[in-house]
Each structure stands twice: as C-alpha cells, then as structure tokens.
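> Sequence and predicted structure, then a few things I'm wondering about:
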Amino acid sequence: ITQQTGRQEQGVVLGLTQSLTSVAQIVAPSLAGFLIDRQWLAAWALTAAAATGAGMFVRSAKRRA
C-alpha cells in the first residue's frame, strides 16, 4: 500500500491501515458471534461474500484508472 503513495503520505497510510485492521479485528468477531448466536449463518456468509466482492470491485476499478 505504501508504494502507491508519496513519501510524505506513507505515515498517514500506515496509520489508517493499522487502524482499519484493528477495527476489523474487533467488529468482525462481534458481528459473527451475534449472527451465529441467532443462527443466521447464511446472513453471515452473504455479508462476508458481499464485503469480499466490494473489495475486489474497488481494487479492479483502481487498476483501470
């Protein structure tokens, strides 16, 4: 990720990346536990698939630009 930014912006990019990773490590298990507890396994699987698909779409859109 840092190779795509300028030298002055690398600290900001690393900070945001670490922050988002930390938030994801807190939110994802909590959300998964909530959904699994209520036996909404299909909803959890669809949510994970949608997040993955959105990430892939954003990545491919950035590569085209």
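That came through fine. Every value quoted in this text rests on a predicted model; they were computed, and no experiment measured them.
> Settle this for me: Val13 is touching Ile1, isn't it.
Yes - the criterion here is C-beta atoms under 8 Å, and Val13 meets it with Ile1 at 5.7 Å. Using the backbone N, CA and C atoms, a C-beta is placed for each residue, glycine as well.
> which of these two has more neighbours?
Neighbours were counted for Val13 and for Ile1 using other C-beta atoms under 10 Å; Val13 has more, 15 against 9.
> Assign the more buried one to one of the three secondary structure states.
helix (DSSP: H, G, I helix; E, B strand; the rest coil).
> got the contact list for Ile26?
Under the criterion of C-beta atoms under 8 Å, 6 or more residues apart in numbering, Ile26 has no neighbours.
> anything in contact with each of Val13 and Ile1?
In contact with both Val13 and Ile1: no residue, using C-beta under 8 Å, 6+ apart.
> Can you list the residue ranges for helices in this structure?
Remark: helices assigned in the chain by DSSP state H are 10-37, 41-64.
> For the longest one, buried residues please.
This means helix 10-37. Leu35 (16 or more other C-beta atoms under 10 Å).
> chain center to that helix, what's the gap?
7 Å (C-alpha atoms, centre = their mean, to the nearest Å).
> before we move on, what about the last one?
In this view, helix 41-64 has its centroid 9 Å away from the chain centroid, taken as C-alpha atoms, centre = their mean.
> between that helix and helix 10-37, how big is the angle?
Helix 41-64 and helix 10-37 are oriented at 160 degrees to each other (axes from the mean of the first three to the mean of the last three C-alpha atoms, to 10 degrees).
> What residues sit buried inside helix 41-64?
Buried residues in helix 41-64 (16+ other C-beta under 10 Å): Trp44.
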